[in-house]
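Participant: Generate coordinates for the sequence data below:
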Amino acid sequence: MLTLSLFAGALWGLANAWCLARAVRCAMEGERGWKLAGWVAAKLVGLYGLAAWMLIGLRLPAAAWMAGFTLSLVLLILKMNPLAARND
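Facilitator: Now for the predicted structure:
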């Protein structure tokens, strides 16, 4: 159950970051309206509803879920770090 919770948290973290990036892209391109509202709703209602269902309904261990979520964000930050791509 811990492994499932770890992977669920990691996948949720990646989906959360992707949805946030899509919403920011819509706002930066000036596409306000239903498109931006859809991404914000998907993030707030969909992803947070899914998290509540996983943690409360399925009774996944919250500590392992948070560890997976944190690891996914750390990996995203390391991937986007411009200093990591330098070849000195």
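
Participant: Can you mark which positions in stretch 1-19 are buried?
Facilitator: Across stretch 1-19, burial judged by 16 or more other C-beta atoms under 10 Å covers 5, 6, 8, 9, 10, 12, 13, 14, 15, 16, 17, 19. The C-beta positions use only the backbone N, C-alpha and C, and glycine is treated the same way.

Participant: got a list of what the second one touches?
Facilitator: What that stands for is residue 6. Each residue near residue 6 by C-beta atoms under 8 Å, 6 or more residues apart in numbering is listed here: 64, 65, 67, 68, 71.

Participant: where's residue 5 relative to residue 75, distance?
Facilitator: For residue 5, the distance to residue 75 equals 17 Å [C-beta to C-beta, to the nearest Å].

Participant: Quick one: list the elements packing against the helix or strand bottoming out on mean pLDDT in the chain.
Facilitator: In the chain, no helix or strand scores lower on mean pLDDT, DSSP states H and E than helix 34-41, which sits at a mean of 84. Counting contacts by 3 or more C-beta pairs under 8 Å, 6 or more residues apart in numbering; DSSP states H and E, helix 34-41 is packed against helix 2-28.

Participant: and the angle from the helix it packs on to helix 34-41?
Facilitator: Interaxial angle, helix 2-28 versus helix 34-41 (axes from the mean of the first three to the mean of the last three C-alpha atoms, to 10 degrees): 150 degrees.

Participant: Just the mean pLDDT for helix 2-28, thanks.
Facilitator: Across helix 2-28, pLDDT averages out at 89.
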